[in-house]
Structures are given as C-alpha cells and as structure tokens.
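J.: Starting from these lines, generate the structure:
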Amino acid sequence: MLAKPNAKHVRSLVNFFEQGAKPESRDGFGVEIEHLPVHNSDDTAVTYGEANGIETLMLRLREYYDESREYWQDDQLVGLARDGIGISLEPGGQIETSIGVVRNSSELGAIYEQFRREIDPILDELGFRLVNYGYQPKSCALDIPINPKRRYAAMNEYLGHIGQYGPCMMRASASTQVSIDYANEQDAIEKLRLGSAVGPIINYFFRNTPFFEGEVNHMPLRRQRMWNFLDCQRTNLIPGLYEDGFGWEDYAVGVLGTPLMFADLTHTPEAAGLPVERKEFAAFRETADDVYPDRELNDYEVAHILSTHFNDVRLKNFIEMRHWDSLPIERAQRLMEIVGALFYDPARLAQLADYFDGIGEADVFAAKATLNAHGDAAEPYGNSLEFWREFLGLEGVMADVPGDAKWSEVFQA
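T.: The predicted structure follows:
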C-alpha cells in the first residue's frame, strides 16, 4: 500500500482550492487557444530555431507586451504577457494565447482581435501563418523539434516512452480550453464530474482534426484518444472522481502521490543558492514529498504540481475543461457561450446533475469509445446525437471539415 503524502502538502493543495472558490460571483471564463504555425509555402510546421521562425516571431512581438512579464530560458524568449492575455509556447512551437478573465464572448473576441492585429503583419513578413486544427495538417510529429524549455525536454523523454501518443500530443497537437469558476467544494466536484461526462459529446460537435500525421484523419476524437492513452497516472479521467464522498483532499492525495515528471524549485526559498540544473530537473520517480521541503507549499509550488496532471477536466483554483481541439475564434466564442449556459445557469446545471445522477467512470469511458467508433451513429449514454444537440444547446454547431469533404464520408473511407 502506498504511503499517504505529506499532510502539510495535502493541506497546501486543499487551501489552494479553497482560496479559488468564488461563492458570490461565478461568471468568469479563461480561454486558451493553441495555434499551429505552418509555412505559407507548403503547410509544414514552423519550428522555434529556424530562420524567421518562432523565436523571431516572439522577439518581434515583444514591443506589444509588458517587459517585466517576459519569460526567458537560457537566453531564449519563450513567453510574453500583459493584462488580459499571455502568450506561451507549447512543446512543438504551438503558440498559445491565454485570455481572461472575461465575462462574455464579446470580451473574448475583442482581446483576441487585438492579438491578431499585432501578430498577423509580423507573420506575413515571416512567411508563415497560424492555423486552428487539432493536429498539424502536413508535418509528422517526429519531424518537429521540441522548443527550448527544460520542462518540455523532460516531458519529451518521459511521455515519449510511457505512452503511445507522447510525441504526437506534444509536438503536433493543439487545443482549446475553457476555465470556469466554482463556489465551494461541492460545486467544484459536481462540475468536474459533469464536465468530464459531457465534454466528449461537446467535443464531437466541435471536432476539428481533419488531418493526422500527414493523412486524412478517420477518428473524430483523435486528440481525446491521444490523451486517453498517454499516461494513466495523469491523463483521462481523475481517478476516483465518481466515487461517493470524493472531495478536494482525495484529489490532492492522488496528485501528490504521482511522480512529478518535472521538478521546479525556482520559487522554493530553500533552493535559492542551487545551480539551475538542480532547480529544474526531470523527476520521473520523485513525488512532491521527495522534492519539496517538509512545510506548507507556496502557491507557485502548488500550481506547478497541479500542472503536471492533464486530466480531461482538471482542478486548479478554477476548473479547466481540456477536451477540445484548437478552434477559430468564432467557434471558441460559441463554445464558451455553451459552457457558460450549462455550468453557470443554476437551472441548467441542476438539469445536467439530475440526468447524470448515478453514472460512473465506466460510463464515461464507454461514451468516448462509442463516439470514436461510430461517429454520427453513436449513442453516448444511450441517446442519439440529435438528443444531445437539443439537450446541450448545440443547435447550429457543426464540426469543421477539410475542404469540401464531409466527416461522414471520412468515416466511411
């Protein structure tokens, strides 16, 4: 039997969750959209280190962002930020915009449009563009080098060996994520459960991965499948989520009992005098107990530990829903509206909770499997996709497709 994690560390995570609760006002959203950079000439992936590549783009963008919030690693610029938006790099050079807190889709659109007004002229000069697909349209994952973050080098070594899709997820995939507030522990657990249950269905209607490894993609929830089979310790559903009595402490114990994969001691006072290689290093066997001091953890340490888990829906000091492929801004706005209608309207949330009362982990696994296997004919949780279109308010939502092809034709190919 595994030893229970350090009680001070467990309490630190629970405190972090408690501090994130918003009992009075629950109407905020955070939206992250990852973009795939591709050459205009042949649609292949643009890399960080190539001439006029991602590094050049980041350096050209600096003037629009707060100099005090730049993120450099080994003299290479890998992150930018200002009020309302942050720009970061995913492992394969994907450009991620983190936008929030916003209250409605118009606010999201305005911030994103400003980002595009600044970046698009630079992209035109450099000869590449940003596309919103769940996977690179032309390049294969192993042809794309990892960008210069020590965290990603460790992830590449670990996830590249432990799961089937590690290189694919890291180097060539891109997502849209929507974060929401919670009022208290009960509200958070309910939203984690319901978000995990309906996420694959909503994902089906917003699916946007027409290509995979240079070929037409025949699997509607391709990105979802990559995450499902990546690392059973830290992806897919939260272990135990649907068990009676599951709470914040259970979540904290599960996270803390898993190897970190990558340790970050850059904000740990006790490590201040250590060389950088001893502050940031691969931790394939070490848990937080092995790495961090025997004391309550600070917010940076807690946030890092939580960031090493990639469940479909994960808990930080907000709830992050991670199911969806990268989407153009108009579709991301529509997705945000649907998430808000389902999770911020008390009547709709109660309706969802009543419908899914009694479901378990196996039911969610089955829903994912049937959507991938049967496409438009799937009946997740025993109901047709037309039922779910109406029940979840998805009228008018259609998946993007490559060119003039229809997904139903792709399924039959």
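J.: measure the spatially closest residue to E280 that is not a sequence neighbour to D231 for me?
T.: Closest residue in space to E280, ignoring its immediate chain neighbours: R150 at 4.7 Å, by Cβ to Cβ, 6 or more residues apart in numbering. The way it works is simple: take the backbone N, C-alpha and C, and place the C-beta from them, glycine included. As judged by Cβ to Cβ, to the nearest Å, R150 and D231 stand 19 Å apart.
J.: who has more neighbours, those two?
T.: The neighbour count for R150 versus D231, taken as other Cβ atoms under 10 Å, is higher for D231 (20 against 17).
J.: helix, strand or coil for that one?
T.: Using DSSP: H, G, I helix; E, B strand; the rest coil, the structure places D231 in coil.
J.: tell me the contacts of it?
T.: 159, 162-163, 310 (Cβ atoms under 8 Å, 6 or more residues apart in numbering).
J.: just to revisit the earlier point, backbone phi and psi for the residue nearest to E280, please?
T.: Dihedral angles of R150 (phi, psi; degrees, to the nearest 10) stand at phi -60, psi -40.
J.: That one and D354, how far apart?
T.: 47 Å.
J.: what's the answer for I85, then?
T.: Per Cβ to Cβ, I85 is found 38 Å from D354.
J.: same thing with E107?
T.: 31 Å.
J.: Same drill for these two, tell me which one is more crowded.
T.: Taking other Cβ under 10 Å, E107 and D354 do not tie; E107 has more neighbours (18 against 8).
J.: Going by residue numbers, what spans are strands in the stretch 51-200 of the chain?
T.: 71-73, 76-82, 85-89, 95-102, 128-131, 175-180 (DSSP state E, counting those that start in this stretch).
J.: what's the most buried one of the ones you listed?
T.: Across the strands of the stretch 51-200 of the chain, averaging neighbours per residue (mean count of other Cβ atoms under 10 Å) puts strand 175-180 on top, at a mean of 24.
J.: May I see the contacts of D231 organised as a markdown table, with neighbour count added?
T.: Shown next, in a markdown table, are these (neighbours: other Cβ atoms under 10 Å):
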| residue | neighbour count |
| --- | --- |
| L159 | 23 |
| I162 | 15 |
| G163 | 19 |
| F310 | 16 |
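J.: Lowest pLDDT pick from the residues you listed?
T.: Minimum pLDDT for these is recorded at G163 (78).
J.: if I pick it, what's in contact with it?
T.: Listed by Cβ under 8 Å, 6+ apart, the contact partners of G163 are 229-231.
J.: Where does M219 sit: helix, strand or coil?
T.: The three-state label given to M219 by three-state DSSP is coil.
J.: And for it, the neighbour number?
T.: If you count neighbours by other Cβ under 10 Å, M219 ends up with 18.
J.: ok, now how distant is Q186 from W248?
T.: To W248, Q186 is 10 Å away according to Cβ to Cβ.
J.: Between the two, point out the one with more neighbours.
T.: W248 (20 against 10).
J.: so that one touches N184, yeah?
T.: No: using Cβ atoms under 8 Å, W248 is not in contact with N184, being 9.8 Å away.
J.: thinking again about what came up before, export the strands of the stretch 51-200 of the chain as JSON lines, with columns for mean pLDDT and distance to P293.
T.: What follows is those, written out as JSON lines (pLDDT from 0 to 100; distance: least, Cβ to Cβ, whole Å):
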{"stretch": "strand 71-73", "mean pLDDT": "93", "distance to P293": "24"}
{"stretch": "strand 76-82", "mean pLDDT": "97", "distance to P293": "27"}
{"stretch": "strand 85-89", "mean pLDDT": "97", "distance to P293": "28"}
{"stretch": "strand 95-102", "mean pLDDT": "97", "distance to P293": "30"}
{"stretch": "strand 128-131", "mean pLDDT": "98", "distance to P293": "42"}
{"stretch": "strand 175-180", "mean pLDDT": "98", "distance to P293": "30"}
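J.: quick one: which of the ones you listed is nearest L59?
T.: For those, proximity to L59 was assessed by Cβ to Cβ; strand 76-82 is nearest, at 6.0 Å.
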